[in-house]
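Trainee: starting from these lines, generate the structure:
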Amino acid sequence: MRYLLIFLFLSGPANRAAAQEDFYTVVKDYFRVNPFAGQFSAFINAVKTDPGLIITRSADKTDTSLFTIEGEYRSFNPFSIRANKVEMALGEKQRVYGARRQVADTIILYQITGFFDSTAQTVKALKKEYKRINNKIKRGLAVQSEVPLTGINGIREGAITNHARHERLSAPISVVWFIREDGKLGLLVALRMKYANNRAIPSGLLTEYYYLNRVLR
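Mentor: Coordinates of the predicted model:
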């Protein structure tokens, strides 16, 4: 899944972000711990201490590394399809931008992935669920761009839909369905965030904070 994670990180912050009520509703419905419900530090602590999450990997932020938390839920499944496994990944990713004078920035990637039986019936149901989630999000984030997952190492078939308020603003949320080369079928919802003043902000680069702060007031 490493190549898919890199693709998700790079495909989102190409524009800027904003959020509407339907976006927050999807976040609340599909993520066990809502990053926008309170202080960002409380959100991180709630993920770390969640009794329903089996943590498989965890690393704190240091002077030379970024934080990451990965795990598998014991019973939580927000999807309408019966899942064999539901994984969570939360981590800080670095992005370097600028042609002449390069500037390093970080963004938080928070995602949940369900894995399902790869039967023809389940694939059909999963594509329906994928479309249903996207239709719900687009009521608040009208700009959609669907890209087939071709050329992604380890992925046989699939698609990603990015959602934004405007074509020049980045996608704070993406929805993905995929079939891996090993036959595993998955459905993934990914959030992109920044944080400032101990509050999570949907997507954006560091320089976009003041713009986003105005939008979300």
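Trainee: now the helices: where do they sit in this structure?
Mentor: 2-11, 21-30, 40-48, 120-137, 209-216 (DSSP state H).
Trainee: mind telling me which of those helices the model trusts least?
Mentor: When these are compared on mean pLDDT, helix 209-216 scores lowest, with a mean of 37.
Trainee: so the residue nearest the centre of the chain bridges to which residues?
Mentor: Centroid check for the chain by CA atoms, centre = their mean gives Ala190 as the closest residue, at 1.4 Å. Judged by DSSP bridges, the bridge partners of Ala190 are Gln111, Ser174.
Trainee: check the gap between it and Arg199 for me.
Mentor: 20 Å (CB to CB, to the nearest Å). The way it works is simple: take the backbone N, C-alpha and C, and place the C-beta from them, glycine included.
Trainee: likewise Ala125?
Mentor: 37 Å.
Trainee: cross-check the contact I'm expecting between Phe36 and Val26.
Mentor: No: Phe36 lies out of contact with Val26 (CB atoms under 8 Å); the separation is 11.4 Å.
Trainee: across the sheet, point out what pairs with the nearest residue to Asn84 once chain neighbours are set aside.
Mentor: With CB to CB, 6 or more residues apart in numbering as the criterion, Asn84 has its nearest non-adjacent residue at 5.2 Å, and that residue is Phe115. On the basis of DSSP bridges, Phe115 is bridged to Lys85, Gly186.
Trainee: and for Phe115, the neighbour number?
Mentor: By the criterion of other CB atoms under 10 Å, Phe115 has 17 neighbours.
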